[in-house]
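> Here is a sequence together with a model predicted from it:
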Amino acid sequence: MSDLALSPSATPDESSRHRAWRRGWYRFRRNPAAVAGLVLVVLVVVAALGAPWLAPSPESAGTFVNFGERHQPPSLHHLFGTDNVGRDVFSRVLYGYRVSLLLVVFVLGLSVPFGVLLGLLAGYYGGWIETVIMRITDIFLAIPALVMALAITAALSPSLMNGMIAISLLWWNWHTRLIYTTVHALRHEEYVEAAKIAGASDAHILFREILPNCISVISVKVTLDAGFVILIGAGLSFLGLGAQPPTPDLGTMVASGANYLPEDWWESVLPGLAILFAILGFNLLGDGLRDLLDVEVS
Amino acid sequence: ATTVTLNVVQIFGTIDPAKVTDYTGYMAAVNLYDGLVTVDKDGAIQPLLASSWEASPDATTYTFHLRPNATFHNGAPVTADDVVYSVKRLLAIDQGPSYLFKGVLGPDSVTASDAHTVVFHLQKVFSPFLATVPLIFVVDSKTVQANVKDGDWGQAYVADHDVGSGPYMLESWTRGSEMRLKRFDNYALGWGKDPIDNLRFVVTNDEATVRSLAASGELTMTSEFQANETYTALAKMSRFRVVEQPTGTAFYLKMNTQVAPTDDLHVRKAIACATDYATIRTTIYPGDALAGPLPAVFKSDYLDTLKEPSFDLNCAKDELAKSAYAGKGPIPLTFTYVAGASFEEEIGLLMKSNLEKVGFKVSLDPEPWNRITEIASKVSTTPNVTEVFFGATYASPDSMFFTQYDSAASGTWSSMEWLNNPDVDKMIADARATTDPAQQAAIYKKLQQTIVDLQPDAFLLVQKVRHAMDKCLTGYNYVPVQSFDYNFHNYSWTCGN
Amino acid sequence: MSTEVPLLQVEDLTKLFPIRRGLFQRVIGHVRAIDGVGFDIRRGEIFGLAGESGSGKSTLARIVVGLDGASSGRIRFVGEDVHTLRGTRGFRRRVQMVFQNPGSSLNPRRSIEQTLSVPLRFHGIAPSAIAPRVRELLEMVELPASFRAKYPFELSGGQKQRVAIARALAVEPELLVLDEPTSALDVSVQAKVIELLMRIRNELDLSYLFISHDLSLMRNFTTRIAVMYLGKLCEMGFTGDVFDHPAHPYTQGLISSVPVVSEEEAALKPAVERIRGEIPSPANVPPGCSFHTRCPAAFRPCRIDDPAFVQVGFEHRTRCHLFPRDSTA
Amino acid sequence: MEYFFFIVRRLMWSLLVLVGLSIVIFMIARVVPGDPARIALGPLATTEQVANLRHKMGLDRPLYVQYAVYIGGLVRGDFGQSLLTQRSVALDLRTAFPATLELVLATIVIATLLGIPTGVLAARFKDTWVDNIGRVVSLLGVVTPSFFIALLLQLLVGYYLHFLPVNGRLDPSVSFTPDITGLVLVDALIRGQPGVWFDGLRHLLLPAISLAAASLGQIARITRSSMIDVSRKDYVEAARAFGIPDLVTTFKYMLKPSFIPTLTILGLEFASLLGNAFLVEMVFGWPGMAAYGVRAILHKDFNAIMGVVMITGAFFVFVNLLIDVLLGTVDPRIRIRGARS
Amino acid sequence: MTVSGPNKGGPVLRVDDLRVAFSTFDGVADVLSGVDLEVHPGQRVGLVGESGCGKSVTMRAIMGILASPPARVRGRITFAGEELLTMGRAQRQALKGTAMSMVFQDPMTALNPVFRIGEQLTDVVRWADRRRGLRRTASERRARILEVLGQVRLPDPERIFDAYPVQLSGGMRQRVLIAMALLNRPRFLIADEPGTALDVTTQDEILRLLNELVRDEGLALLMITHNLGVVREMTDYVYVMYAGNVVEHGTTDAIFAAPAHPYTRALFACVPKLSGGRAYAGIEGTLPDYTRPPEGCRFHPRCPHAEARCFERPPSFDLGEQHHSACWLHAPTEAKS
Ligand SMILES: Nc1ncnc2c1ncn2[C@@H]1O[C@H](COP(=O)(O)OP(=O)(O)OP(=O)(O)O)[C@@H](O)[C@H]1O
Ligand SMILES: Nc1ncnc2c1ncn2[C@@H]1O[C@H](COP(=O)(O)OP(=O)(O)OP(=O)(O)O)[C@@H](O)[C@H]1O
Ligand SMILES: [Mg+2]
Ligand SMILES: [Mg+2]
């Protein structure tokens, strides 16, 4: 359709950028799921950052034990009950979000720039660069991430750090693939060729012309990824290969709490729900962003 | 037909009697295979395939007289040649319990003097020898030889097939999930009233699964490694009772005496003082007090003057103050336990919490069991503190002392102390060379005091073996060797079919 | 014929694209996108290139501006071989291009100012001089200076095309390649853009290579015109000559299939048989005269021999067996 | 023909991926700190014993020689010996793989049978309550960790309702070895044992549902969005304009083309299904490859780890190949041009 | 050129005061604000206007394929005497593809890529038959399809029948689309820019074919295009549309002879002539924003003749000889003065 009809009828004092944002925000607001996602994500982030102040028993996240109060059911005193060494599960959940977010930031901080860079290079230059990068990517895609993460952490011995490294080692390929397909479609866009004719350098074209057009794809993918990184991380620690005690990791909490099912259900079910909330939040937000930015990220 | 279903927490690695090393493996082996002799609940040697035996006065020659009526599961009679072959095979494959016989037996040390008489010529005096004989399982030499491939002593075949004469025969085995055995009708020792007809081992270490299996009536008997909560839950079901017996297995915090900071005796003492024995024994992992390296089941060799250790943070602080590491800020300490065992983790958390109160900085490193055996092989990779269970492999205090404290045995998970103490070595060697029980006992008692003074371990507890089992299942008795208490020939089902 | 060196000389240019097939994606043949094309563009002239879709017009344009290399042949710019010039700033600066699709020729993420400053930045214009130059360029394409801060989504198609023209003009080129610059626009907008292009050419003394399949537009806009069919030129000459006396049956057919709005125009259309069917795939060019499969006038030799590109009038050439080599006037 | 070449090319490429995979995993396995020989010999072995075994296992040879030997074995279907079970990994996998296969097949059946209709309905009734419910359900499926679903199902259906068994593949009282195809449900049918079949089904349900939740959600979501994409296509408008009934338009003219993106994405999604199987099998004590693999990993059983990763990778690659073939049957453009469009 | 008078037993299609609005972020877009048009049996009517002026929306409203939110359709559309907007769903469905049919614009996207041509065409026939209670065997249907494929001059209809769309060139697909429209012998056909995606030569061929078929079958045709040349060659009667309004209509001859409305005149002035001469100029400004359309005559902000009156909406003034213009310039008083 022509965009003629939508063109400049805004009030003159309003900058066009601003207007675009306002329009986006309007569309976002009309999507209750996305708003719910945003709320959940904000809650998770607040919980993580504010854990020392919000947690009724911050010491529960550390070396604290109290065998006299083990396996207490949820009560006003212990909102989520206590675990097998008498720690306050609610406090540990709040701190657990710190671990989850740390995981997300570390993994995505490491793998996204790397994956994006490779994707840009492969998509833009083509030829043997593309062949090499994309074939390696394919190999990594052929391995279920969790399985490979398991193998890698086993190799490095289990710890949060190694878990994060393992997941990062596997995560970049999704971004490479995504950016590659995006760039592949973009590289013959006329504005890219126009920049070439205008004499722009490859670096300019890659980072100024093409990259900004991948940003919405990347940001949606990163938001969705945040949820899936938490998911994989939880799976890894569920198998005992992630964070080690007494680190308050949600996956580990579910796994160790599962030993006391069904009687002491709160020890695994409540941290499990906490994981669910975080992942749900990021997913809803990501879906909302995807609708908003109208991109394809599969 | 009666079926007993019990859970085991690890998978069956191998059922080849020449390769079995672990507790779970012996659970199968002891039912599928017979040795010349076996061990009873008091650690006494009892006849099995051999109905009698005698030792030469200098204790270098042992002669065993085989039962004439014993047959293998395929009906072939058990002969002296089978015994000779089994020993040769064990030594040649050089895995499993063969390390026990290093320097004691050679390939030609065993001979058959007639179809039912076997003679062992020891290469040197080894007083605990008879205690090690139950670990030599006899295989059907003809069947094995018929299935040898590329001179592998039939390893490929024996890995999947049972070639024994034990009370049960292998029926099916799904690796990683279950093993089924069925009763061998022509068992040499015969069968009493109400025998158990079928055995089913289910592999799971998941407490929840165990409980649900129990609730659904599938489970007859739990492993001895369940969490407290599981025993409590099962005890509430009317069908089960929890059978508890003291064992010869002790639970230690093994401290690496060769690396900082646990190379300092005061640091080790501080750790011992900072251990909350009562909480561990009552709340986390029920057991009896342990005063020194040797559990009290070894009655005649046990030093009963040792004092039970106690939890005292002030003592810990004082000891720490005396150590070379005092006053330089928190002392880093690595603390390892078996990953996935929740009580070990709880002990780790408790220790961490207390140790950090007196001035340590503890890093908890749970490791899978295999990994622990791996890091134990080098001083530098052995953690400062490791939670380890150790029980006798054969019914002699020698098994407890040699394997844990002798420098010749260092480099294994059972000797993560790296004690390397010449006095200790000498006492162990002396005891081995003596055949006089009284003299041995004297040496062992002195040894216990020496070790307690060196404090290479914090002596946590003597394990109580606990099984929740169906009230109909009787005959369980703890046996202080490997998993010999799972010989189901000794059990019966008292409720009829 | 002028003795002056033409601005652009294209000599016997050929471009092949490999066709890969089979198990190992081996090259089993070539798409002859451009096949032995030669022409000159003189300073100040508007050279039109017409032809159906797939005839190789865009490919030619891309080679001329240096986006792609040729398989063989030669391009000279003011007498100098472009192979030695290509990639150097000097040549880049002197030939610029305006693309077909105004929707995609501007980067949606970059403001108009950013878009316009790219060529300036990369051709060594002092950073302080960039902003005034951008304003000047906008003025040149008749857009208000306030457009600098706008983003492409706020512009109409015609406005975008103006920005694209401004970008091409930024580095003061001598030749502008216009690849169907108006085919995505409405007639009303097209008229304005064409008007602008005419004005700019006069003001800046530019030359255009103008690609289009709109013959009516060509008739009004170009000085000389070449008609392309399946990678080959089939007719070339002054616009008036070609329209008034189309020699090649293909040119005749093309002209006669243009829908026109008045009787007077309709009368101008050659009364020829319609061209049948569709253009064959350039991967599989018919032998002989490549047009013979659709030609209403085809006869035996057409199926066998490729006719030569012969002179049929003053600077008017065609490639057709109806005009044997010796018929040159 | 081009289609055949396309498939052959994909096949060759798959093999290459597997070779690459074997290199990656071999490297990982070999840099793992830990000595397979010591592990094999058990905790009390002497250093000398260990050295002997190392030599026997070829661990003292250069890495590339070891790799060559390993690959040589792979070609013959020999994955080496497992340290843990002391027997050929190939043999172990032969019993473990069908269990996983059965679970995964059941999962796929559940996920597609429920996922596609959910997606179609949601797209058909876009922005109505049907759509909202469908979207919530599928999103929950996607975001809930499969092990958590497994635990919840165990808790609710197993413990509280005593509805279905929560452990293993068959009831302990049932003595049955699936020795034909390895799939209990199939073998029980072949052997004509309905009791066993029913018991197998009861055991299969909870693990399969836990595992299916994520795939179901993903399938529903992709189906929905591709149906919506397709619904904007001219040819759908054309079908409507020619009076073809809504149901036919939806289930014929929209569904088939929307399979193309669905299938493509499912191929990649399959990797996470396999990954989740690792968690779910652990929870339900399912005697499959994943349980075997996790145990191998926990015990550093190198050959077993490599075997599991290779088989998992091969399975994944095979499924993707299958999807390419399926895509060809759905999309004539692939069949005719021999390439993905 | 056949000129069919407007009153041969009433129009096949009559659109009265058609209003279509869409709800969008910026508010309600009043795209069509009262479109009136008529198509008579055997008549070929053109609807011409710039891009975005609402031609396709009109077509969709007539065919009943506007997605109902966000679109809101009001007014009356009468087909063969029956009111389409109020009739039952099933009844309306029954008309589609049978009595009224359409030729789609883009041959590349209007055919479903995953079904064979034959299958798609068969469905069109089969469902129409079912609704009309016609009983035909599969082979009869196939015969009909092959017949129509032949009619649109597709070589080797049998092969086409079994082909997938990818196997056909653009021109062939466009012919298939025409065949599809003709399958059920409609009385009325809408064609939205047929062949614009094709080359001039192919487009020319397609248009001629369509023209012939329409004439041979005696169909009424509503042809939507932005190409004035096509209108002149293909139609008998023209409606010129601007921003959702019909600004001028009349017989093709009348309008091409003397375009009256300022918009029409400007449009004509933009068209480059094959005769050359360069005498053309664009129209200042752009189409209005439909959420805030200008009051009165929607063209007045761009109109060189705009005056105060233009803030009121001009009715359609009869210029005689079947020529009407909605411009105050042609108000009768004005015309006389
Ligand atoms: N990169 C490429 N690889 C293979 N073939 C190509 C490539 N680029 C163009 N072609 C082929 O070259 C021929 C000429 O294409 P080109 O785009 O130059 O045509 P055109 O005359 O510009 O057509 P249009 O009017 O549609 O723009 C076409 O058949 C096209 O398929
Ligand atoms: N579904 C819709 N929602 C909102 N606005 C719409 C919708 N469909 C069409 N429009 C608007 O209606 C106006 C007219 O569109 P229409 O497609 O009828 O134009 P057209 O005359 O067919 O143009 P073209 O010649 O480009 O096909 C456009 O401004 C468009 O933005
Ligand atoms: Mg082109
Ligand atoms: Mg339209």
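Received, thanks. Ligands and ions are numbered 1, 2, ... in the order given.
> CA only for contacts and neighbour counts going forward, please
Noted.
> Which helix in the chain has the most residues?
By default, I'm working from chain A. Scanning chain A for the longest helix, with DSSP state H as the assignment, gives helix A:89-125.
> ah, I was thinking of chain D
Ranked by number of residues, the top helix in chain D under DSSP H is helix D:194-231.
> Same question for that helix: list its buried residues.
For helix D:194-231, a neighbour-count test (16 or more other CA atoms under 10 Å in any protein chain shown) marks D:196-228, D:230-231 as buried.
> quick one on the thing from earlier: by contact count, what packs against the longest helix of chain A?
helix A:32-49, helix A:51-54, helix A:127-141, helix A:160-186, helix A:211-238, helix A:250-257, helix A:266-293 (3 or more CA pairs under 8 Å, 6 or more residues apart in numbering or on different chains; DSSP states H and E).
> Run the chain-centre distance for the helix or strand encompassing A:Arg22.
Element membership of A:Arg22, judged by DSSP states H and E, is helix A:16-29. Counting by CA atoms, centre = their mean, to the nearest Å, helix A:16-29 is centred 24 Å from the centre of its parent chain.
> burial of D:Gly192, as a residue count?
11 (other CA atoms under 10 Å in any protein chain shown).
> Over to it. Which of the three states is it?
Under DSSP: H, G, I helix; E, B strand; the rest coil, D:Gly192 falls in the coil class.
> on that earlier part again, give the other helices and strands that the longest helix of chain D contacts.
helix D:89-124, helix D:129-143, helix D:146-153, helix D:184-190, helix D:255-284.
> Out of those, which is the most enclosed?
Per residue and on average, the most neighbours among those fall to helix D:146-153, with a mean of 25 (mean count of other CA atoms under 10 Å in any protein chain shown).
> okay, the angle between it and helix A:211-238?
For helix D:146-153 against helix A:211-238, the angle by axes from the mean of the first three to the mean of the last three CA atoms, to 10 degrees is 50 degrees.
> now for the helices and strands packed on helix A:89-125, which one comes closest to chain C?
Comparing those against chain C with CA to the nearest CA, the closest turns out to be helix A:211-238 (6.3 Å).
> Quick one: list the elements packing against the closest one.
Contacts defined by 3+ CA pairs under 8 Å, 6+ apart place helix A:211-238 against helix A:89-125, helix A:145-156, helix A:160-186, helix A:250-257, helix A:266-293, helix D:129-143.
> can you tell me the average pLDDT over that helix?
Mean pLDDT, helix A:211-238: 87.
> Going by neighbour count, list what's buried in it.
In helix A:211-238, counting by 16+ other CA under 10 Å, buried: A:211-214, A:216-238.
> what do you get for stretch C:30-37?
Judged by neighbour count (16+ other CA under 10 Å), stretch C:30-37 contains these buried residues: C:31-37.
> Tell me which other helices or strands the helix holding A:Arg22 touches.
Where contact means 3+ CA pairs under 8 Å, 6+ apart, helix A:16-29 is packed against helix A:32-49, helix A:266-293.
> now it against helix A:32-49, angle please.
100 degrees.
> Just the residues contacting helix A:16-29, thanks.
For helix A:16-29, contacts defined as CA atoms under 8 Å, 6 or more residues apart in numbering or on different chains pick out A:10, A:34-35, A:288-289, A:292, C:150-151, C:154, E:25.
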